[in-house]
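Pasting the sequence and the predicted coordinates here, then a few questions.
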Amino acid sequence: MEQQLMHPEEKLRNLGIELAPVRTAVGNYVSHVRVGNLIFTSGQGVDQYHGKLGRELDIETGYKASRQSMLNLLAVLKHELGDLAKVKRIVKILGFVNCTEDFKDQPKVMNGASDLLVEVFGDKGKHARSAVGMAQLPNNTAIEIEMIVEVEDE
């Protein structure tokens, strides 16, 4: 219970994490769209991890990549909300894993993102999830994740 009472940004600080600025869109789209009290994010890849899971990258590296992708998404939420405490619930995340056709551990890779959400938001961070393998992702990024988040009414 105490985990849920701590401010999400304090949890990030305790983990030694500082959110980076929101990454610039590379096309004619926005980082997120808010509809009522739901935020739908665009997919966020990573700048640090490139290659295919099952070839150049192993599961542990994929886990780190999905964690970094989620940090990029949290930066989007922080930019929109000003305060991560306004997150009411993480509804769903969808993870696209750049992998070989015989790679079958997409869920293990996506655990990096899911574990981070629960570390930061406690029970509010528990979510529905899909993890799928892709033949290729933009710039050969290891992973791309998008999410749907319920936020407090303004």
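The structure has been received and is ready for your questions. Please read all numbers here as calculations on a predicted model, not as lab measurements.

ok so residue 75 is a strand residue?
No. Counting by DSSP: H, G, I helix; E, B strand; the rest coil, residue 75 is not part of a strand but helix.

Identify the residues contacting it.
By Cβ atoms under 8 Å, 6 or more residues apart in numbering, the residues touching residue 75 are 19-23. Yep, even glycine has a C-beta here, placed from its N, CA and C like the rest.

how far away is it from residue 49?
17 Å (Cβ to Cβ, to the nearest Å).

buried ones in stretch 137-151?
137, 141-149, 151 (16 or more other Cβ atoms under 10 Å).

Send me it as CSV with only the CA atoms.
C-alpha atoms of stretch 137-151 as CSV (Å, rounded to 0.1, in the frame of the first residue of the first chain):
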residue,chain,number,x,y,z
LEU,A,137,10.6,-1.3,-37.3
PRO,A,138,11.6,2.3,-38.3
ASN,A,139,15.4,2.9,-38.1
ASN,A,140,15.9,-0.7,-37.1
THR,A,141,14.8,0.2,-33.5
ALA,A,142,14.6,-2.8,-31.3
ILE,A,143,11.1,-2.0,-30.0
GLU,A,144,8.2,0.4,-30.3
ILE,A,145,5.5,0.8,-27.7
GLU,A,146,2.2,2.8,-27.6
MET,A,147,-0.2,3.1,-24.7
ILE,A,148,-3.6,4.2,-23.6
VAL,A,149,-3.8,6.0,-20.2
GLU,A,150,-6.7,7.2,-18.1
VAL,A,151,-6.1,10.5,-16.4
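
For it, what does the pLDDT average out to?
Per-residue pLDDT over stretch 137-151 has a mean of 97.

Same question for stretch 19-29.
On average, stretch 19-29 scores 88.

Let me see the contact set for residue 143.
45-46, 49, 62, 65-66, 69, 95-98, 109, 137.

show me where the protein has strands.
Applying DSSP state E to the chain gives strands spanning 32-35, 38-41, 87-98, 128-134, 143-151.

For the ones you listed, give me a markdown table that also has distance to residue 120.
A markdown table is the format used below for the strands of the chain (distance: least, Cβ to Cβ, whole Å):
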| stretch | distance to residue 120 |
| --- | --- |
| strand 32-35 | 18 |
| strand 38-41 | 16 |
| strand 87-98 | 9 |
| strand 128-134 | 16 |
| strand 143-151 | 12 |
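
ok so, going back, going through the contacts of residue 143, which ones are buried?
Counted by 16+ other Cβ under 10 Å, the contacts of residue 143 give 45-46, 49, 62, 65-66, 69, 95-98, 109, 137 as buried.
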